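>>> sequence first, then the predicted structure:
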Amino acid sequence: MNRFALFATPVLALVLAGCSSTGTSQVVQAPVATQPVIAQPMVPSSAQTVQQARLTTSIANGFVDATALSLMSAKDSAEANSAQFYALQFGRPGAPRQWAGDKGSTGSVAVGPYVRVNNLDCRDFTHTVKIGGKDYVKKGTACREQTGNWNVVQGAA
C-alpha cells in the first residue's frame, strides 16, 4: 500500500494542478493556409465613435451634387447622409448602397476599396441622386479623419 501512496500522491497533485483555475491555458492550433484579405480600415472604431461620426458626416460637405442638394427634402438628406456614411464605413467595393426619400427621390452610393493616404483611410465614391426623373452624379474621394468623420478631399463633377 505504501508504494501505491508514493505513486498516487504526485500523480494526484499533477492532475489537480491541471484543474487549477488560474486562467492562462492556451490551445495550440496547426497552421492553416489563408487566402489574401482585402484591406480593411486601419483605425478601429467603437460603436460610440461610429455613431458620432455618422451624425457629423454630412452630404452637404461635397458628397452630393450642389443642384441636387438644393432640391432635396429633409428626409432625402437624412437618408442620403446615412447611406453615404455606411457605404464609406462598411461598404464593399462596387456594391452600391441604395436610399429612398420623399416623393420618389432615390439615390445610391458606390465606393471603391480602402486606400491608405497620409496615415488616413480613404475611398473613392460615386453618389447618384435621382429627383424628378433626373440623375445628379457626384464623384470624389473621401478620407476618414482620426475622429472617425469622413470628409471629401478631392471631387469631380
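Noted; the coordinates are in hand. Numbers count the residues shown, from 1 in each chain.
>>> low-confidence stretches in the chain?
Along the chain, segments meeting pLDDT under 70 span 1-56, 154-157.
>>> all strands in it, in order from the N-terminus.
97-100, 106-111, 115-117, 120-131, 134-144, 150-156 (DSSP state E).
>>> list the contacts of the longest one.
Spelled out, it's strand 120-131. The contact list for strand 120-131, computed with C-beta atoms under 8 Å, 6 or more residues apart in numbering, reads 41-43, 59, 63-65, 68, 71-72, 76, 80, 84, 87-88, 105-116, 135-146, 153. (C-beta placed from N, C-alpha, C; glycine too.)
>>> then that strand to PDB, C-alphas only?
Extracted in PDB, the C-alpha atoms of strand 120-131 (Å, rounded to 0.1, in the frame of the first residue of the first chain):
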ATOM      1  CA  LEU A 120      -5.700  58.100 -43.200                       C
ATOM      2  CA  ASP A 121      -8.200  55.600 -44.700                       C
ATOM      3  CA  CYS A 122      -9.600  56.900 -48.000                       C
ATOM      4  CA  ARG A 123     -12.100  55.700 -50.500                       C
ATOM      5  CA  ASP A 124     -13.400  56.900 -53.900                       C
ATOM      6  CA  PHE A 125     -17.100  57.300 -54.000                       C
ATOM      7  CA  THR A 126     -19.900  57.900 -56.500                       C
ATOM      8  CA  HIS A 127     -23.200  59.300 -55.100                       C
ATOM      9  CA  THR A 128     -26.100  59.400 -57.600                       C
ATOM     10  CA  VAL A 129     -29.300  61.200 -56.700                       C
ATOM     11  CA  LYS A 130     -32.400  60.900 -58.800                       C
ATOM     12  CA  ILE A 131     -35.000  63.600 -58.400                       C
END
